[in-house]
Each structure stands twice: as C-alpha cells, then as structure tokens.
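>>> For reference, the sequence and a predicted model appear below.
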Amino acid sequence: MKILLSHSYFLPLDPKEEANHKPYPPLAPLYLSALIRQETGIQCRFYDVMFEKNVSGLRAEIESYQPDIVLIYDDDFNWLTKMCLQNMRSAIIDLVKNKIPGVIYIAHGSDASDQAEFYLKSGFDYIIHRNAEGIVLQFLQLLKNQKEKISVLKSLSYLENGKTISTKINTAQDWIEKIPVADWKSINLNPYREIWQKHHRFFSLNISTAHGCPYRCNWCAKPLYGRSYKLRPAEIIADEFKIISEKLGADHVWVTDDIFGLNPKWLNQFADEIEKHDRTVPYKIQARADLMDEEYVANLKRSGCEEVWLGAESGSQRILDAMDKDTSIGQIKTAAKLLKNAKIKTAFFLQYGYPGETWTDIKLTLQLVQQCVPDAIGISVSYPLPGTEFYKNVEHELKSKKNWDDSGDLALMYSGEHPAEFYRTLHKYTHHYFGFISLKRKQPFGKFVRRFAAQYRHIPGMIFYRLAMQKYLS
C-alpha cells in the first residue's frame, strides 16, 4: 500500500504570514507519518505545499508516485489551519477536480470537519474528524483486510447515494502516548531554515506535547480533540527537544499546544528530564494566566522557556466573563508580573469585537497593555467558527462571507458594535500604541535607542488612526 501525505496550508496565499517570515513545518502529518510506519510498517511519502501557490506540484507528485491513498492531513497544532481560511480551502478543493481513477482521496482538518459535505461533494472520498490518528490506522487496516465495511469506523464522513453519512465521533485519545518523534526525514527543512536565518538570524522548529484543551472559552473551536486534554510522556518530549536541537540544528522551539504544562507534575518531570540530560533549548509556549504561580514559572525557567503567550483577550472583566474565559484581570496582571520577575518574555493575545464590547471595554484593554507592558502582542477580531457557542449565538447574523480569506482579513462577519473597517483601524492603532508604550519596558540600552528612534513612526501613527476611528465613535 502506498500513501501520499500532504496538507492544505499554502503560505503564499496568506500574505500577512508570508511577510512575517516565520514558517513552521506542518507538524501533525509528520507525527502521523511516523506513527503509521511504527504501527503498520507502511512507508508514507510526504509532499509539502507550504511554499507553493497552488496544487500543481502536488498533482504532479500524485501522477508520478501513483499512491493508493492521498491523505490531506492538516496541521492540527497550528492556529493558522484552525482559522479555516477560504484561500486554503479553494486551493485544496482544486486538487480533487481532476482525480486519478482508483486513488482514494481523504481529508482531515478543522475546515474539512466543519464543511464535510462541501468537501465530499467537491470530490473527496472521506473526511476524518476528531482524534484522527487511531482512525487513520484502523482505516488502513480495513483497506488491507477488506473484511469489514469502512462504515464501522468512528469519526468518518462519506457519501452514500449522494447523501452525506457521518459516523459517531471518536472521543477517545487512544494513541497520543504512542506517538513517536515526528518524521523529520520526510521533509526538506532547508527552505524553512533559510527564511528564519535570513530574517531572524536563528532557526525555530515546532513540537507538540499535548492534545486538546479542557476549558470552555466559547469562541474557541475544539472540533479536532474536543474539550479534553492528554499529554505525551515527558521523557519523549525531552528526547524530541534533543533531536530538534542536535540533529536538525534548531536554535529555538515553539511548543504548539493550546495550553502547555496544564499538569504541574508533568511540567516538573519535563524540567527534570531537560536538566538531567542537559537538553535545554530556548522555547516559547501558549498558556493561561490562571496557571501562573511561582512553582509553574520556576519550572518553565529551568526547562528553558523564554517566552509565554497568554490569552489575555480583553482588559474588560465583563467581556472575559461573556467569553466564558474563566480568568480575571487580576490573574493576568499577576501572571505578567511573575513572568517578568523570572525574566521570561510575556506576550498577550488580544481580541476585539466580541459581541457587546463597547469603546469603554476597548479602552480597558489598552489600559491593561499599558499597565503590564508585555514584550509582544498579537491582535485579532472575534471570529465565529462552526462548533462553538459563539458561532451559534451569531449564526443568524452571518451573511455570505463566513470565513476569512487569509489570516490578515480581520472581517467582522456579524453585527458588531462598529463596522469591520473600525476594527482594522483599531488593530493598527493598537500596534502603534504598543510601540509607543514599549519605551516603559526595561531593556538593553541599544534596543531602547532603536525603540526611541521608532517613535517618529508610532506617534504620528497613533494620531492618524485615532482620528480615523473617531468618525465611528461620534
């Protein structure tokens, strides 16, 4: 049996991220490739579309390799694929407009799960939904034995007499502890390395230590693993850090988990493994403010963590409560202080436009940024995705546009307090405001001088975009 693995994220179709010059390899299919080889002995060929504009190269690879199965397996660990971008959907659907007879085409990912019927009627044979690793292995076994119908599998959608059939969703994360080190040999890392080195003078790679998130934030899509959380063994993760550093030449690691180290015992064990084998590599994570206490931060520090992205979202407690965030403004401030005291960089994810947010709430968010002075910020606009409570609440307000074209789209697709252009302007204003107040941060003299010199851009930018917003506030 021959399997061709690929994914549906085409970096040139996402101008904002392409300009960011921080590409990460699609991790989930690389883990799956290693798992398939370990459990079945089947060798997968991987084709990377990351730096391509369309599927012509992938189609040529299919024609040349003549696989039995083409599996488009999106990177569940990358927030960009969870955004279900229209540009990526259009590109990958183009693949199945001209299918090779006899080849089975399968898709797995956030967008394929959300739009299963569309993918199937466009030409895909099967959609695999949640907790897909075990389902893929069972699928391969059934094809090999041909004793049972595919319909016995969970988490599967397919067409039968033109009707979409969806089997019961698999809620068990049976395979996560057996997932080996990613199949790094199957991907050419040179293009990634060259871009990182050229623009940032270091090379970063990605690792996943866990699946899922048990929290109830009502805007966060959890179609792939559900409201659950399961960790890979700490010793395997420490080994993977070593491989990424020593064999692949990475200077830095991004841990892609929605929440890193939710289990304090696991985090302590991970730090022990890193220290015991001297495998320290600078890494960054995503975490919740309410996890930050002295022990947690100390374990981050001794294991090499240099940057923590906190889902702050808003400076208004009223909005955090409406989001079911289950954190407080006080916890965000405390977390930022603990991290700064440990000399770990602190970054905030901010979200504008949630239903009910007023200008007063926005000013509270800007105030939170001013008070905490994080090292970096990431700004988005509330984005309703199928499967979330947020989507259910605003579904009746959605029109023809239901997905962003790319990650820089920032369209407000429901009836917000202000029109979409206001939030695009607010996005730019906030970045200039952040650049202005960053002078308050303790930093090396050279960096301070550069930031001071940048004020010729930030101050006029603040004035310009503040005036541009005023017409919507009058």
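Perfect, thanks for sending it.
>>> what bits of the stretch 301-450 of the chain have low per-residue confidence?
For the stretch 301-450 of the chain, residues meeting the criterion pLDDT under 70 lie at 441-448, 450.
>>> Can you tell me how far residue 135 is from residue 394?
Using C-beta to C-beta, to the nearest Å, one obtains 31 Å as the distance from residue 135 to residue 394. (Each C-beta comes from the backbone N, C-alpha and C, glycine too.)
>>> Now residue 238: closest residue in space that isn't a chain neighbour?
Spatial nearest neighbour of residue 238, excluding adjacent residues (C-beta to C-beta, 6 or more residues apart in numbering): residue 273 at 3.7 Å.
>>> Tell me the helix or strand right after the helix or strand the one you found falls within.
Using DSSP states H and E, residue 273 falls within helix 264-276. The first helix or strand that comes after helix 264-276 along the chain, using DSSP H and E, is strand 283-287.
>>> Give me the sheet partners of that next one and which way each runs.
strand 252-255 (parallel), strand 305-313 (parallel) (DSSP bridges).
>>> and the direction of it versus that of helix 264-276, what angle?
180 degrees (axes from the mean of the first three to the mean of the last three C-alpha atoms, to 10 degrees).
>>> that older thread, so which of the strands paired with strand 283-287 is the most packed in?
Mean neighbours per residue, mean count of other C-beta atoms under 10 Å, is largest over those for strand 305-313, with a mean of 23.
>>> quick one: it to chain centroid distance?
Distance of strand 305-313 from the chain centroid (C-alpha atoms, centre = their mean, to the nearest Å) equals 14 Å.
>>> burial count for the nearest residue to residue 431 once chain neighbours are set aside?
The spatial neighbour of residue 431 that comes closest, neighbours along the chain excluded (C-beta to C-beta, 6+ apart), is residue 379 at 7.0 Å. Using other C-beta atoms under 10 Å, residue 379 has 19 neighbouring residues.
>>> can you check residue 374 too?
Look at residue 374: counted by other C-beta under 10 Å, it has 24 neighbours.
>>> so it, which of the three states?
coil (DSSP: H, G, I helix; E, B strand; the rest coil).
>>> Flag every buried residue along the helix holding residue 273.
Neighbour-count burial for helix 264-276 flags 266-274 (criterion: 16 or more other C-beta atoms under 10 Å).
>>> Same question for stretch 124-143.
Within stretch 124-143, the residues scored as buried using 16+ other C-beta under 10 Å are 124-140, 142.
>>> Just give me how far it sits from the chain centre.
Worked out by C-alpha atoms, centre = their mean, stretch 124-143 lies 22 Å from the chain centre.
>>> what's the first-to-last distance across that stretch?
One end of stretch 124-143 sits 17 Å from the other (C-alpha to C-alpha, to the nearest Å).
>>> ditto for stretch 309-318
22 Å.
>>> what about that stretch, distance to the chain center?
Using C-alpha atoms, centre = their mean, the offset of stretch 309-318 from its chain centre is 18 Å.
>>> try stretch 380-397
On the basis of C-alpha atoms, centre = their mean, stretch 380-397 is displaced by 18 Å from the centre of the chain it belongs to.
>>> So what touches it?
Among residues not part of stretch 380-397, those counted as contacts by C-beta atoms under 8 Å, 6 or more residues apart in numbering are 82-84, 110, 113-114, 218-223, 323-324, 349-355, 398, 404, 410-416, 420, 423, 427.
>>> I'd like to know which of these are buried.
Of those, these count as buried by 16+ other C-beta under 10 Å: 82-84, 110, 113-114, 219-223, 323, 349-355, 404, 410-414, 416, 420, 423, 427.
>>> out of these, which are inside helices?
82, 110, 113-114, 420, 423, 427 (DSSP state H).
>>> wait, residue 423 sits on residue 414?
No. Contact criterion C-beta atoms under 8 Å: residue 423 and residue 414 do not qualify, at 11.9 Å.
>>> Considering the ones in helices among the buried ones among the contacts of stretch 380-397, which is situated nearest to residue 278?
Checking those against residue 278 with C-beta to C-beta, the nearest one is residue 82 at 34.8 Å.
>>> do you know how far the closest one is from residue 121?
In terms of C-beta to C-beta, residue 82 sits 23 Å off from residue 121.
>>> What number of residues are in the vicinity of residue 19?
Residue 19, neighbours per other C-beta under 10 Å, totals 10.
>>> and what of the one 10 residues further on?
Residue 29 sits with 27 neighbouring residues when counted by other C-beta under 10 Å.
>>> Next up, the contacts around it.
Here residue 29 is in contact with 5-7, 46, 71, 73-75 (C-beta under 8 Å, 6+ apart).
>>> How much space separates it from residue 230?
In terms of C-beta to C-beta, residue 29 sits 20 Å off from residue 230.
>>> ok, now residue 100?
From residue 100 over to residue 230 (counting by C-beta to C-beta), the distance is 37 Å.
>>> Can you list the helices and strands that the helix holding residue 273 packs against?
helix 234-242, helix 294-303 (3 or more C-beta pairs under 8 Å, 6 or more residues apart in numbering; DSSP states H and E).
>>> Comparing the ones you listed, which comes out most buried?
The most buried one of those (mean count of other C-beta under 10 Å) is helix 234-242, showing a mean of 20.
>>> From the chain's centroid, how far away is it?
21 Å.
>>> Pull the residues that contact it.
Here helix 234-242 makes contact (C-beta under 8 Å, 6+ apart) with 180-182, 207, 209, 253, 266, 269-270, 272-274, 277, 279, 281, 283.
>>> Domain map for the chain?
Taking automatic domain parsing as the reference, the chain has its domains at 3-166, 202-417.
>>> Make CSV out of the ones you listed and add distance to residue 474.
Formatted as CSV, the domains of the chain follow (distance: least, C-beta to C-beta, whole Å):
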stretch, distance to residue 474
domain 3-166, 30
domain 202-417, 11
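>>> picking up where we left off before, would you quantify the distance from the residue nearest to residue 238 to residue 237?
In terms of C-beta to C-beta, residue 273 sits 8 Å off from residue 237.
>>> Equivalent analysis for residue 84, please.
Residue 84 is 28 Å from residue 237, by C-beta to C-beta.
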